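Participant: Attaching a predicted model along with its sequence, questions to come.
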Amino acid sequence: MLNLTTIEHLHSYYKGGLLLEVRGGRRVDVSIRQAVRFKELLSLRGR
């Protein structure tokens, strides 16, 4: 679980996943399946 307000950068990642950079320099890998859901929730699908 991650507070969306802590996300500083969002990057496309390996094979359709995402890499989130959050406050404090921590990086969080988002799996392909969860990346699809995450994009739908944020209305980023297709961008």
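Facilitator: Happy to help now that I have it.
Participant: can you pull out the helices in this protein?
Facilitator: 32-41 (DSSP state H).
Participant: Show me the shaky parts of it.
Facilitator: Residues of the chain meeting the criterion pLDDT under 70: 44-47.
Participant: Just the strands from the chain, written as ranges.
Facilitator: 7-12, 18-22, 27-30 (DSSP state E).
Participant: what about the shortest one, distance to the chain center?
Facilitator: For strand 27-30, the gap between its own C-alpha mean and the chain's C-alpha mean amounts to 7 Å (Cα atoms, centre = their mean, to the nearest Å).
Participant: buried stuff in that strand?
Facilitator: Val30 (16 or more other Cβ atoms under 10 Å). Bear in mind the C-beta positions are built from the backbone N, C-alpha and C, glycine included.
Participant: Kindly report the same for the first one.
Facilitator: Judged by neighbour count (16+ other Cβ under 10 Å), strand 7-12 contains these buried residues: Leu10.
Participant: same deal with the second one?
Facilitator: Residues of strand 18-22 classed as buried under the neighbour-count rule (16+ other Cβ under 10 Å) are Leu18, Leu20, Val22.
Participant: Select, out of the strands of the chain, the one closest to Met1.
Facilitator: strand 27-30 (10.6 Å; Cβ to Cβ).
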